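Peer 1: Fold the following.
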Amino acid sequence: MYENDIELIKMAKQGETKELEDLIKNNNGLIWSIVRRFQGRGYEIEDLYQIACIGFIKAIKRFDTSFEVKLTTYAVPYMLGEIKRYIRDDGPVKVSRSIKELGIKIKELQKEYFYKKGKEITIEEIEKELRVSKEDIILAIEATKKPESIEGSINNINSKSEKSINLIDKLSTDKNEEEILTNKMVINELIEELEERDKKVILLRYFKGKTQNEVAKILGVTQVQISRIERRALNRMKIKLCS
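Peer 2: Model (predicted):
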């Protein structure tokens, strides 16, 4: 479980640096879990971690210890929001220096090859010449292309109409990412608070997809007992969620 010590939170809210650092340290796993959702988008992972920490600190400052919610659950939307804001405001997707340098080498090689042989060089030939993987070559080539703005217009080729649509409309989703992640965290916390046997039953039933009979065999009890344990555990979770 992540750190949710009320006294520690209160002291951090009052500006106590050590307590604030302790909260960040104790919740480091949670912060990194948020950061990794944005890995591979062209940003330095350490930069995203610092941004997530800013969101976590903002959550601490605004957290009301009387809330019927844990700090970790409360902090998730703040961290997601800070990272998304950073990516949105930071312009086009950033490319690492090594990928940029590889892209330059590939362009020079492409020009030289075409000049000498009058045809385009293949990915396999670039791989052999530069001794880098095909994946890195493709990534470098794509990274050097002019990025499309998500607010730019594209033609709807699947429609008879000549009306253009925004790329952002094609990428939008009805799913609320923050709500989904927060709900998952709440459920995980509720399960962690169950007794060990109850926890095993819920995990096997709802996360491993086992039937009550299968769970009964695994735990060495009857199907009727599993049914009772499951019903009791779910009721406890519901009560805790509504309290």
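
Peer 1: Sketch out the low-pLDDT regions of the chain for me.
Peer 2: In the prediction, the chain carries residues with pLDDT under 70 at positions 1-4, 67-68, 89-96, 142-186, 240-243.

Peer 1: how is it carved up into domains?
Peer 2: Under the assignment named as automatic domain parsing, the residue ranges that make up the domains of the chain are 6-89, 95-146, 193-242.

Peer 1: Distance to I187 added to the ones you listed, as CSV?
Peer 2: C-beta here means a position set from N, CA and C on the backbone, and glycine is covered the same way. Supplementary listing: the domains of the chain in CSV, determined by distance: least, C-beta to C-beta, whole Å:
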stretch, distance to I187
domain 6-89, 10
domain 95-146, 36
domain 193-242, 8
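
Peer 1: can you redo those domains as CSV with mean neighbour count?
Peer 2: Supplementary listing: the domains of the chain in CSV, determined by neighbours: other C-beta atoms under 10 Å:
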stretch, mean neighbour count
domain 6-89, 16
domain 95-146, 13
domain 193-242, 15
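
Peer 1: Show me how far stretch 41-55 is from its chain's centre.
Peer 2: 12 Å (C-alpha atoms, centre = their mean, to the nearest Å).

Peer 1: Return it as CSV; C-alpha atoms alone will do.
Peer 2: Listed next in CSV are the C-alpha coordinates belonging to stretch 41-55 (Å, rounded to 0.1, in the frame of the first residue of the first chain):
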residue,chain,number,x,y,z
ARG,A,41,6.0,9.5,-26.7
GLY,A,42,9.3,11.3,-27.3
TYR,A,43,9.8,12.8,-23.9
GLU,A,44,12.6,12.0,-21.4
ILE,A,45,11.2,9.8,-18.7
GLU,A,46,12.9,11.7,-15.9
ASP,A,47,11.4,14.9,-17.1
LEU,A,48,7.9,13.3,-16.9
TYR,A,49,8.7,12.0,-13.5
GLN,A,50,9.5,15.6,-12.3
ILE,A,51,6.3,16.8,-13.8
ALA,A,52,4.3,14.1,-12.1
CYS,A,53,6.0,15.0,-8.8
ILE,A,54,4.7,18.6,-9.3
GLY,A,55,1.2,17.2,-9.7
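
Peer 1: Distance of the residue nearest the centre of the chain relative to E46?
Peer 2: When the chain is reduced to its mean C-alpha position, the closest residue under C-alpha atoms, centre = their mean turns out to be R37, at 2.0 Å. Using C-beta to C-beta, to the nearest Å, R37 is found at 15 Å from E46.
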